[in-house]
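*Asks:* let me see the structure of the following:
(2 chains)
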Amino acid sequence: EDQVTQSPEALRLQEGESSSLNCSYTVSGLRGLFWYRQDPGKGPEFLFTLYSAGEEKEKERLKATLTKKESFLHITAPKPEDSATYLCAVQATGSARQLTFGSGTQLTVLP
Amino acid sequence: DAGVIQSPRHEVTEMGQEVTLRCKPISGHDYLFWYRQTMMRGLELLIYFNNNVPIDDSGMPEDRFSAKMPNASFSTLKIQPSEPRDSAVYFCASTEGGFGSQYFGPGTRLTVL
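*Replies:* The predicted model follows:
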């Protein structure tokens, strides 16, 4: 059974204080690992897809990296508008199309 | 594109009543997914369709839940009868080809009293 564990559950940062969120996964074969951002009262918003170990993707202050067992979402010099819950999900190889989500990391960036 | 559209955005009902949630996927997307999100269990897949055909409904909690997709632009998730433990946010998502990122709607917040 595919499993995704995210840590920490919650993270409070001062504006400009860089940090990383962790996503550990167990999957029989990884087709893709996805990062989403979810704001309160809204649906998850797609950020990145990573397909193979060593791959990196960047968008503004966010950079996602992937190893064979985990992924990191690095946040550089965060701003209050980066406050949200960040979700990680995996899609396994094979014919199934479903994503398995982690429970998320709730990030708060204080001004 | 307007993105995935869900209605209603909020639904409050009493235990035992029938509830119908609606979803319009992004045009051209051939996969549609229904998820449920709660604080305790996070985001869980309920069922997904490919070209209007249900492919995997193993996440549907019990027979009280049913989902249909009569055409490529419309799907419903029905709960009959509803129970307080069904209270959650229900999301619909769609994608093209099934592999890769899924695009989520704004969700329906269901409260069963």
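
*Asks:* bridging residues for residue 66?
*Replies:* You didn't say which chain, so I picked chain A. Beta-bridge partners of A:L66, counted by DSSP bridges, are A:S71.

*Asks:* chain B, not that one
*Replies:* Counting by DSSP bridges, B:S66 is bridged to B:K78.

*Asks:* what degree of burial does it show, as a neighbour count?
*Replies:* By other C-beta atoms under 10 Å in any protein chain shown, the residues close to B:S66 number 15. Any C-beta I mention is one placed from the backbone N, CA and C, and that applies to glycine too.

*Asks:* so it touches B:K78, yeah?
*Replies:* Yes - using C-beta atoms under 8 Å, B:S66 is in contact with B:K78, at 5.0 Å.

*Asks:* burial count for residue 30?
*Replies:* Just going to use chain A. 20.

*Asks:* sorry, I should have been clearer: chain B.
*Replies:* B:D30: 15 neighbours (other C-beta under 10 Å).

*Asks:* leaving out chain neighbours, which residue sits closest to it?
*Replies:* Distances taken as C-beta to C-beta, 6 or more residues apart in numbering or on different chains put B:N51 closest to B:D30, at 5.3 Å, once the chain neighbours are dropped.

*Asks:* likewise A:F34?
*Replies:* Once flanking residues are discounted, A:F34 sits nearest to A:A89: 4.5 Å by C-beta to C-beta, 6+ apart.

*Asks:* likewise for B:T38?
*Replies:* Closest to B:T38 by C-beta to C-beta, 6+ apart is B:A88, at 4.7 Å.

*Asks:* please name the bridge partners of the one you found.
*Replies:* Counting by DSSP bridges, B:A88 forms beta bridges with B:L110.

*Asks:* quick one: the strands in chain A?
*Replies:* Here chain A has its strands, by DSSP state E, at A:3-7, A:10-14, A:19-26, A:30-38, A:45-50, A:56-59, A:62-66, A:70-75, A:84-92, A:100-101, A:105-110.

*Asks:* hang on, the earlier thing: the residue nearest to A:F34: neighbour count?
*Replies:* 24.

*Asks:* what's the spacing between it and B:M39?
*Replies:* 18 Å (C-beta to C-beta, to the nearest Å).

*Asks:* circling back: quick check: which of the strands of chain A is buried the most?
*Replies:* With neighbours defined by mean count of other C-beta atoms under 10 Å in any protein chain shown, none of those is more surrounded on average than strand A:84-92, at a mean of 23.
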